[in-house]
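Trainee: Fold the stuff below for me.
(one chain, ligands or ions: 1)
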Amino acid sequence: MKILVTGGLGFIGSHTVVELQNEGFDVVIIDDLSNSSLEVLEGITSISGIKPYFEELDLKIKSDVKSFFSKHSDVVGVIHFAASKAVGESVKEPLMYYENNISTLVYVLQEMTKLNRQNFIFSSSCTVYGQADELPITENAQVKPAQSPYGNTKQIGEEIIQDTCKVNEKLNSIALRYFNPIGAHPSTEIGELPIGVPQNLVPFITQTAMGMRERLSVFGGDYATPDGTCVRDYIHVVDLAKAHVVALQRLLENKNTSNYEVFNLGTGKGSSVLEAIHSFEKVSKKKLKYKIVDRREGDITAAYAETSKANNVLGWKTELSLDDAMSSAWKWEQKIRNK
Ligand code: NAD
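Mentor: Okay, here's the model as predicted:
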């Protein structure tokens, strides 16, 4: 069964490609390499032993999307990762984010809704919940006004899919709301490619430990959390990748109960920034230089997932711990820096 993975050379996409290949799917990848590199294709190939078909293509170019789908009309499922994802950059360049994250989704949906089999998985985010009123966060929690153009593209993306599903019963879709993906493949063949100054905690931790950054700033030590630092739900990227395979299988086997479903993907456990730092220090046996500084605008206090819907309905649960994720992220960082 041929599955199209857009953004398949990116962080989450590449790990998902490996898991799809492990389950015997024939994977075709589209990526424009705007936030990835061809080396990732080699990494995937060395893990699975299978080189997936890859086309360097910018999904913003509608005619290219059209011609791709006309060549691959036997695709039975699409997992759509391709998007720009830097929150801060989206504030500075809103139109770039709306163009890249919305037009690519529309063009992919326009073409895939001409196929015989229309199974679609969308990368959404827990950012849609903002600071939820209750923790852990269920899928029924209110979607709050987005804090950034990036967050808004995820909300609009979900609405575009829902609206399309209303008028097209053939389209089966699942929006997966990720909490905080971290870590790398245990083989260290693939991981998160840091371009520029990392915006996320874990690459910043590993780069600080490598001596590339002087020290880590912990934004805010006075939040209403047990140790005063923000709490997040860190999920190992390999666990996250496996959830995509299970979600896709649900659609392929017509087990979905509606043609638009939403699932939270997290561990269900909240960890503070200091707990994450201590986990890193434990597995790396390195002391990390960090300093608690003022709060950063736009950060919410705490977010972690209620996972029972994904656990019970998808039959999926996380298997790897925060320590596993930190250890893999650290091995990956050392590997790419010592090349
Ligand atoms: P990533 O940047 O590593 O991967 C995205 C990939 O899409 C990159 O390889 C990039 O080159 C490609 N791409 C971007 N625009 C494209 C275009 N116009 N045409 C073709 N390819 C294009 O990001 P990621 O962390 O793997 O995230 C994957 C998806 O998950 C994104 O939609 C992101 O918004 C979403 N998400 C990520 C996180 C996170 O923390 N990493 C959290 C929630 C949701």
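
Trainee: buried set for the host helix or strand of Val91?
Mentor: Counting by DSSP states H and E, the element that carries Val91 is helix 87-92. Residues Val87, Glu89, Ser90 are the ones in helix 87-92 that count as buried (16 or more other C-beta atoms under 10 Å). The way it works is simple: take the backbone N, C-alpha and C, and place the C-beta from them, glycine included.

Trainee: What is the nearest of those residues to Ala132?
Mentor: The closest of the buried residues of helix 87-92 to Ala132 turns out to be Val87 (C-beta to C-beta; 17.7 Å).

Trainee: so the closest one touches Thr153, yeah?
Mentor: No - using C-beta atoms under 8 Å, Val87 is not in contact with Thr153; the gap is 10.7 Å.

Trainee: restrict the buried residues of helix 87-92 to those near the ligand?
Mentor: Among the buried residues of helix 87-92, no residue sits close to the ligand (C-beta under 6 Å from any ligand atom).

Trainee: And the helix or strand following the helix holding Val91, how far out from the chain middle?
Mentor: Scanning forward in sequence from helix 87-92 by DSSP H and E, the next helix or strand is helix 94-98. Helix 94-98 has its C-alpha centroid displaced from the chain centroid by 19 Å (C-alpha atoms, centre = their mean, to the nearest Å).

Trainee: What are the buried residues along helix 94-98?
Mentor: Buried-residue list, helix 94-98, by 16+ other C-beta under 10 Å: Tyr97, Tyr98.

Trainee: same question for that helix, mean pLDDT?
Mentor: Averaging pLDDT along helix 94-98 yields 98.

Trainee: how about the next helix or strand after it against the ligand, any contact?
Mentor: Sequence order places helix 104-112 as the next helix or strand after helix 94-98, per DSSP H and E. Yes - counting by C-beta under 6 Å from any ligand atom, contacts between helix 104-112 and the ligand involve Thr104.

Trainee: Show me what helix 104-112 is packed up against.
Mentor: helix 62-71, strand 75-80, strand 118-125, helix 149-167 (3 or more C-beta pairs under 8 Å, 6 or more residues apart in numbering; DSSP states H and E).

Trainee: The longest one vs the ligand: in contact?
Mentor: So the one you mean is helix 149-167. No - Helix 149-167 does not reach the ligand (C-beta under 6 Å from any ligand atom); its nearest approach is 6.8 Å.

Trainee: can you pull the buried residues of that helix?
Mentor: 149-158, 160-161, 164-165.

Trainee: could you pull out the helices for the stretch 101-250 of the chain?
Mentor: Ranges of helices within the stretch 101-250 of the chain are 104-112, 149-167, 201-209, 237-252, based on DSSP state H, counting those that start in this stretch.

Trainee: Tabulate these (JSON lines), appending mean pLDDT.
Mentor: Converted to JSON lines, these look like this (pLDDT from 0 to 100):
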{"stretch": "helix 104-112", "mean pLDDT": "98"}
{"stretch": "helix 149-167", "mean pLDDT": "98"}
{"stretch": "helix 201-209", "mean pLDDT": "96"}
{"stretch": "helix 237-252", "mean pLDDT": "98"}
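
Trainee: Adding distance to Ala83, write these out as a markdown table.
Mentor: What follows is these, written out as a markdown table (distance: least, C-beta to C-beta, whole Å):
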| stretch | distance to Ala83 |
| --- | --- |
| helix 104-112 | 7 |
| helix 149-167 | 7 |
| helix 201-209 | 18 |
| helix 237-252 | 15 |
